[in-house]
Every structure is written in structure tokens, then in C-alpha cells.
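Visitor: Whatever this is, show me its structure:
(chains A and B)
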Number of protein chains: 2
Amino acid sequence: MVSYVVYGRGCFNQLDEILAPQRKGKSPMIFLVDHYFEQKPLVARIPLRDHDKIIFADVSHEPKTKQVDALAQALKQEFGDVSGVIGIGGGSVMDLSKAVSLMMTNPGSSADYQGWDLVKYPGVYKAGIPTLSGTGAEVSRTTVLTGPTRKLGMNSDFTPFDQILLDPELIANVPANQRFYTGMDCYIHCIESLTGTFLNEFSKSYGEKALSLCQEVFLGDGQWGPEQDDKLMMASYAGGMSIAYSQVGVAHAVSYGLGYLLGTHHGIGNCIVFDKLEDYYPQGVREFKQMVEKNGIEIPQQITRGLSEEQFDSMINVSLGMKPLWENALGPDWEKKMTREKLRTLYGKL
Amino acid sequence: MVSYVVYGRGCFNQLDEILAPQRKGKSPMIFLVDHYFEQKPLVARIPLRDHDKIIFADVSHEPKTKQVDALAQALKQEFGDVSGVIGIGGGSVMDLSKAVSLMMTNPGSSADYQGWDLVKYPGVYKAGIPTLSGTGAEVSRTTVLTGPTRKLGMNSDFTPFDQILLDPELIANVPANQRFYTGMDCYIHCIESLTGTFLNEFSKSYGEKALSLCQEVFLGDGQWGPEQDDKLMMASYAGGMSIAYSQVGVAHAVSYGLGYLLGTHHGIGNCIVFDKLEDYYPQGVREFKQMVEKNGIEIPQQITRGLSEEQFDSMINVSLGMKPLWENALGPDWEKKMTREKLRTLYGKL
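Guide: Numbering: from 1, shown residues only, chains lettered A, B, ... in the order given. As a prediction, this is how the structure comes out:
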């Protein structure tokens, strides 16, 4: 788990102080920042010292192993060693920063470490500062990466951040659509894990708390304000913690197919799928639709229209490959319940 | 925060595997075990290797700095270096183990480190395995110790365990009274912190979850069983996490006086005090009394009868010294609200 957690409005101002004891001689701190923040005031608040460097990361697409390898390689060439990697951004930047930190000390390509417990050495010091809430990437022990042959994380005990800094002020200006899609990543995870067959009291406690915080912010009275930012940031944290002993379900399994074929981002992809899952999560989908309406969000429709049968097949193959997700959702005999035909019909509705 | 958390029924069986990578050559693991378990079957399940040693700790009284120093000194004399200290027991054993680990590497007496951020070096590897739930000591960054001049913890970033192992099977056979008093440590902490003036969303989220788990187990239908053990263990964990950004209140402030003068244990002391705090926590005390009744517990009465005025004065002095607790409970002008006379009356009722 993450060893150091700071939570509080304005705690970003403590960053210089927090990083100071982690600096190793003249080796720089590298700030990997979501490219969205180029020219934004937040950049001027990053506490640069000596040779520290800001790198704006293009996260228009979700992180790739190639991108991780190139970043780590460039840092080694320019600096030899770095004191640490500090990620500032959404889930993609969190994952990218964790992966780059690990690739500063582990040989080969990040693609070699996609899987469970393959990472050999601890990375350099790494800290995560989320500016979007919902993915839980700030506390997870994985980094979701698209590699040459698969989309899979570097799951390991060395993967979690050493430090996270949770400052709700940093998520105050997220556009409502983006905030909703990312927030729903947390909500949908909760529904999938709490109704699943893999769950223990640890994950249940965290999942229930994350769920009720999501309900408070997305269905509560009144306008969005600081209180909602505080709660959404905690929902993401609790949702991420609940992943430890639980598993996601149908929405994630189906959405992986969309992501693979169409490059649909995780948050919005989950929403597009979940919107059509009333047969699997009747109560959750009903509540989700209330949230969509109350927050004035439009969920994209008919995004699979005009795809070829070959393309549908390819999505179905990716989706059915996510066996643990299906088993969690539908039980050990899930293959009888979710046939290729049924899944084809579902993809056709998206 | 604790870096490694394992939660699950039967996970005690993984202890050997968990400790293996932490062993340093022939240096032994030291198992500090609550003396209650002498001759009990749990002892035979401790995975001893080579020179490993079990030490039964007498926790009839809450841990003292002298006891910590003597234990660390004896270990240094016998082994020079140890691989780690593993605490198995209730809150006192948790605190004792954390303190002994720190005193294996820090010079002088543990009394020198009572306070905030005074500890200079990380201790040896330390793991906590609770057999009682409620104190939150398994996740806290302190160790409450009675020293020559005060009762105060070694609060530091080096204090939390490296690993905790939460196995609800280990709390299955706790006598109902003991379970209740320790569980109420968690419940009372939640009431005090959630109604207090120091609180942020991080602590509030954890506090609310801990509170609702306490309500489920102590007011729920049916008999006590595995589900209740699972939940109580998570309540203790969440309650401990909520301490990060919150503060306790009147019950703790008054109970410290009892502990100081009469040696009343923390859990039962809090119950004795909270039982009389309807003016300060009306809703919480009402619910507490329901829990007492439903669980068939007797809260000791009139324990201060016959004490001298000098003794009352001494309790009042200790209690009024806990300024942050009073301020959290009653606000910045607490001294106008809680006079010596009022406190004398309250102690007289206990």
C-alpha cells in the first residue's frame, strides 16, 4: 500500500517540503504532468529546484509500454539517475508515472513486466498527485499499459506510489462531463464488486463507503462545490482500496473490447456499456441513469454502428478473455450464461 | 501508513511465507505474544525457524517505557541483532511491539521519544497481528506508553507497522465483555471525532464507516458469529485510519484521569466515562446504552467512591491537561465550558 498519504485542501503547497528529504544529491525530481496543464497556473506552483524537470505527458491515448520505455530511456540518457518521478494528472498520468519510476531501475521493456509480480526491483521514489478523481489509480498496485500484445498492468508490490498528495482544490475545475465519466469509473467498480461473487469484508467496507460518497455527490441536492470535491476525492481513494480483494464485472469486461478496437477511454467506455446493463445490474443501472440525468450528461449512443462482423468478433474475443471478471459477475458457470451471441447483441446496442 | 495489509479468514497460516523475505541471515524473529495465549493452541501455530523466540508479554497493565527498554535491552544482549518483532495480541501488545522495534535501533530510553517526531531511526522490521479489535493500534502511528513523567506515545513516521495481518478467526473466542469494551474504544472514538471541531473528509469517511460497522455488530439481529468478527476487525482498522486527521474528546480526556490514578484500562475506562456523558453526546450515549443492554454488559459503577479530594484533584489536573481533546469537543473557549467544579461533579458520578 501507499506508505504516505497527505489529504487536505491546499496541501499541494507542502510539496516542496515533502520532496526535500527524498532528494539524492543533485539528481533531479521529474514532474510528469498531464499536457492539459501546459500554460495553466498550476505549473508555476510546482516547486522546482536545481535540475528538476517538468515533462508534459500526452495522455490523449491511454499509456503504452512504448511510451513508458521512451520516457525512462530519455531520463537515463539526460540525467543518469533521478531522485524521483512525481505524477500530476488523471489516472493515465498516475499509471505512466508509476511505470516510468519502475523502468528507471528494472532492465528491458515495461512490456516484460505486464502481469503479476514480475517486477524485480523497487523503482525510484514516486509520488502521485491526482487532478481527476475516480479511477483509484492513485492507490492501486498496478499500472494499466497497452503493450505490443496485450493491455495489462505491471501488478507488483513495487508498483504503488511511495507518497500521494490528495488536495481537493486540484479537482475543482474539472469539466462536468470529464468529472462524471471519471467519477463513474468508481461508481461502476463499486456496483460490480459489491454484487460480485469475489468479495471480503475489507473490500466490502471500502466499496460501500465509496458507493455512498458517489451517491452523495452525484445525487445530492444543490450545486457542485468544495464539499463535493472533498467527497469525490475520498470516493476515488476508497474505491481504489476496495480493489485489493475484489473484482470488477460485466461493464469492465465489455468495455475492454471497446477500448481495444476503438480506443474508447476507460471512463466513458464504462459509462457507454453500463448504460445498457439493466439485465445484469438492475438497481445500479437505474441509479446510474438518475445520475446521468441529474448531472445533465449525455452518454454517447450507437458507437458500434457500421462496424463489420469481423470487428464485432474481435471485441467479443477480447471481452471473453477476461475470465475472472465474468466469473465474478456471473459465477463459475458464466460461459453458459454469456454466449458469443448474447455478447454480440449487447455490443450491437452500444 | 502500514505498507502491507493482509486481510482474510485463515491468513495467519501465511505468516511463515510473509516473514521469509524479511529474515536477515540467522537473526531471529521475535514473537511478542499476549500472555493470555500461554498454553493456548495459537502458540503452536507460530512459524518458528532457527533461533526465533516467543516472548509472552504481561499486559495486565498498559505498556510502560521501562518495560519497553528492558525488552529491547534483553534482545540486544541475547541476539545482538534481530530480524524483526512480531506482535500478537491486543492494543497493548501492538504498542509494545512497535516500541520495542524502534528501541532496537534508537539509542537511550523510549521515554526520550515520547512526543511527536522525536524518533531518529527506523526500527527493525515489525508486524502486527491483532487478536482483539477496536483500539486501532494496528494501524496507528503512535504507541501509548506510560513513562516516568507522562503517558504519551512515540508518534512518528517510523512507528507504524511494516505489515499487519488481519485474520478475523483470531478474534473469534474473545470473551463478550472484553470484546465489548475494546469495540467501544472504536465506537466512542467515532462519536467523539465525528461530532468534534477537528475533522476533514478523510477522517470523516473512515469514521463513518467504522461507526456503521460498530452499529451493525453491536445492535444487529442475531447472535455473534464470523460475520460480526469480520466487521469488527474492519471497524477497528477504519477507526484507526480515521485518527489521522481527527481528535478524540470528552470521554478520552476524562478517562485519562482514571487511568492515571486508578490504572483503569483504556477500553473499560472509556465505557465508564461515556456512560455518563449524555450532556455532551446525547445521541451517542443513548445508542451506547442500547448496545450495553443488547449485549448484556455491565458497566462498572461508583468506581470513584471514597476517593480523597486530593485524588480527585489529581485526576482533574491530568484531564484538563489534554487541551486538544477539550478544544475538539467544546471549541476554542472550552475552558469556560468545562470548569474544575463541573469536572469534579462528573468524576464523582463515575
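Visitor: Quick check: the gap between residue A:115 and chain B.
Guide: The spacing between residue A:115 and chain B, counted by Cβ to the nearest Cβ, to the nearest Å, is 20 Å. Any C-beta I mention is one placed from the backbone N, CA and C, and that applies to glycine too.
Visitor: Kindly apply the preceding question to residue A:237 instead.
Guide: 8 Å.
Visitor: Give me the pLDDT for that residue.
Guide: pLDDT, residue A:237: 97.
Visitor: Also residue A:41?
Guide: For residue A:41, pLDDT reads 95.
Visitor: The one 5 residues further on too?
Guide: According to the model's per-residue confidence, residue A:46 sits at a pLDDT of 98.
Visitor: Wait, it touches residue A:56, no?
Guide: No - using Cβ atoms under 8 Å, residue A:46 is not in contact with residue A:56; the gap is 11.5 Å.
Visitor: Surely residue A:326 touches residue A:342?
Guide: No - in this structure, residue A:326 is not within contact of residue A:342 by Cβ under 8 Å, at 11.6 Å.
Visitor: Which of the two has more residues huddled nearby?
Guide: With neighbours defined as other Cβ atoms under 10 Å in any protein chain shown, residue A:326 and residue A:342 compare such that residue A:326 has more, 23 against 12.
Visitor: For burial, what's the neighbour tally of the nearest residue to the more buried one once chain neighbours are set aside?
Guide: Closest residue in space to residue A:326, ignoring its immediate chain neighbours: residue A:334 at 4.2 Å, by Cβ to Cβ, 6 or more residues apart in numbering or on different chains. Residues contacting residue A:334 under the criterion other Cβ under 10 Å number 19.
Visitor: near chain B, which residues of chain A show up?
Guide: Neighbours of chain B within chain A, by Cβ under 8 Å from any Cβ of the partner chain: A:1-5, A:7-9, A:157, A:166, A:168, A:200-202, A:205-206, A:208-209, A:213, A:230-231, A:233-234, A:237-238, A:244-245.
Visitor: Pull out the buried residues from these.
Guide: Buried members of those, scored by 16 or more other Cβ atoms under 10 Å in any protein chain shown, are A:2-3, A:5, A:7-9, A:166, A:168, A:200-202, A:205-206, A:208-209, A:213, A:230-231, A:233-234, A:237-238, A:244-245.
Visitor: Filter those residues down to just the ones in helices.
Guide: A:201-202, A:205-206, A:208-209, A:213, A:230-231, A:233-234, A:237-238 (DSSP state H).
Visitor: Could you work out the most separated pair of the residues you listed?
Guide: Maximum pairwise distance among those (Cβ to Cβ): 25.8 Å, between A:201 and A:230.
Visitor: Look at residue A:280 and give its secondary structure.
Guide: Using DSSP: H, G, I helix; E, B strand; the rest coil, the structure places residue A:280 in coil.
Visitor: That one: how many residues sit nearby?
Guide: Using other Cβ under 10 Å: residue A:280 sits among 21 other residues.
Visitor: quick one: contacts for it?
Guide: Contacts for residue A:280 (Cβ atoms under 8 Å, 6 or more residues apart in numbering or on different chains) come out as A:249, A:250, A:329.
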